[in-house]
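Enquirer: One predicted model, sequence on top.
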Amino acid sequence: LVLVLPVSEANFLSKQDASQVLVRKRRAYSMFEETKKGNLERECIEELCNKEEAREIFENDPETDYFYPKYLGCLGSFRAGLFTAARQSTEAHPDLRSCVTAIPDQCSPLPCNEDGYKSCRDGQATFTCICKPGWQGDKCEYDINECKDPSNVNGGCSQICDNTPGSYRCSCKSGFFMLLNKKDCRDVDE
């Protein structure tokens, strides 16, 4: 009894893809490699990296803990031969390099204060929160009290300055009304 099973080409590399491994110039294991700062390309794309090597790249545990399981997912897709099926998806990464380099988005989940941030700029192992006017701090978490700004006494209000999150508002004492400039007050009797 002979059992014949059809072989799917989806699980095999093309001759061109397979031969690219042989012509790739490898930079890893060059002289004094261990004295260099951790590098995502060198440590986890050109060769397999373990969690300790990933820790050398990010230099902290939270980012390493975020990155490493996703890295293993990329390896599962691209090194195990499943990448041909993944390529059929429009959202899939075309190769291991793009899959791995897309992982460490430091702005996801958002580290910035949602009320005070304008945007978040991603960087490898870091992020920068860009604050809206009226906010400050590394994560835009502090409201600026414009009413106490020494360069703009009382927020520029002639009578009452009310600080609000990210801004301020001028108001008038009883018996006065606000002028069109929204800063000065005039006596009702004048």
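Expert: Now that the structure is in, tell me what you want to look at.
Enquirer: and residue 122, what does it touch?
Expert: 105, 106, 107 (CB atoms under 8 Å, 6 or more residues apart in numbering). C-beta: built from backbone N, CA, C; applies to glycine.
Enquirer: Show me which of the residues you listed are buried.
Expert: Neighbour counting by 16 or more other CB atoms under 10 Å classes 106, 107 among the contacts of residue 122 as buried.
Enquirer: Report the secondary structure state of the closest residue to residue 106 other than its chain neighbours.
Expert: In this structure, residue 106 finds its nearest non-sequential neighbour in residue 127, 3.8 Å apart by CB to CB, 6 or more residues apart in numbering. Following DSSP: H, G, I helix; E, B strand; the rest coil, residue 127 is assigned to strand.
Enquirer: and residue 127, what does it touch?
Expert: Neighbour list for residue 127: 106, 107, 111, 112, 120, 121 [criterion: CB under 8 Å, 6+ apart].
Enquirer: Read off the pLDDT value for the fifth one.
Expert: Just to be clear, that refers to residue 120. Note on residue 120: pLDDT of 94.
Enquirer: Just the element for it, please.
Expert: Under the criterion of DSSP states H and E, residue 120 resides in strand 117-123.
Enquirer: go on, residue 108?
Expert: With DSSP H and E as the test, residue 108 turns up in no helix or strand.
Enquirer: For it, grab phi and psi.
Expert: Backbone torsions of residue 108, given as degrees, to the nearest 10, read phi -130, psi 110.
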